[in-house]
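1. got a structure for you, letters missing:
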């Protein structure tokens, strides 16, 4: 095949081959790329070509095979990309879980470091959902004393946990996380004195 024959085939078949490729790959730009690849292969193999049948049938078969190969490569790439995303998500989840566990541990430690009576009042208020009056009756102290202990506990915890927090909302979320944790594991995890 000489250069003139190749140019005639290219000009006369390019558009119809792009349409054929499009039916397989469903993307006009990719279809053009597929046809260009086919013509590049044809040009490079022009010396060794031994076509049985018509050039049109040969080109159609090449376009379909190249388009199918493109789709297969895309599937492999998508699977690889999906796998990489899953590993990335898993790594981020493990990192976030570790971060959450670390924060929970620091919150529990901060609560344990409160003075014993303050720790008891705070835990009964926040984790047992007892009212100030119920706590006062349970511990045999005044409601004002309960309020004082809760105020001291909140102020102390806010100061101790401030380096962990970016906002007041995070403080609230941490307390809720600890509350859920204590409900799952049991109230006495905090070893109230």
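-> Looks like it arrived, so ask away. Only a predicted model underlies this, so the values are computations on that prediction, with no experimental measurement involved.
2. Is residue 159 part of a helix or strand, or is it coil?
-> Per DSSP: H, G, I helix; E, B strand; the rest coil, the secondary structure class of residue 159 is helix.
3. hmm, I was thinking of residue 53
-> coil.
4. so who does the residue nearest to residue 41 when sequence neighbours are not counted touch?
-> Spatial nearest neighbour of residue 41, chain neighbours left out: residue 62 (6.8 Å); criterion: C-beta to C-beta, 6 or more residues apart in numbering. C-betas here are computed from N, CA, C, even on glycine. Neighbouring residues of residue 62 by C-beta atoms under 8 Å, 6 or more residues apart in numbering: 38, 41, 42.
5. just residue 19 next, same as before
-> Residue 19 neighbours (C-beta under 8 Å, 6+ apart): residue 31.
6. And for residue 113?
-> residue 160.
7. where does the protein dip in pLDDT?
-> Filtered on pLDDT under 70, the chain yields the residue ranges 77-101, 103, 163-193.
8. For residue 143, which non-adjacent residue is spatially closest?
-> residue 136 (4.7 Å).
9. Then residue 32?
-> residue 18 is the one closest to residue 32 (C-beta to C-beta, 6+ apart), at 5.6 Å.
10. And the one you found, its phi and psi?
-> Main-chain torsions, residue 18, degrees, to the nearest 10: phi -60, psi -40.
11. That one reaches residue 33, doesn't it?
-> No. Judged on C-beta atoms under 8 Å, residue 18 makes no contact with residue 33 at a distance of 9.7 Å.
12. quick one: the helices in the protein?
-> 3-25, 28-44, 55-112, 116-126, 132-139, 143-161, 168-185 (DSSP state H).
13. Which of those helices has the highest mean neighbour count?
-> helix 116-126 (a mean of 20; mean count of other C-beta atoms under 10 Å).
14. now for that helix, which elements pack on it?
-> Using 3 or more C-beta pairs under 8 Å, 6 or more residues apart in numbering; DSSP states H and E, the elements in contact with helix 116-126 are helix 55-112, helix 132-139, helix 143-161.
15. If we ignore the residues flanking it in sequence, what's nearest residue 9?
-> Per C-beta to C-beta, 6+ apart, closest to residue 9 is residue 55, 6.1 Å.
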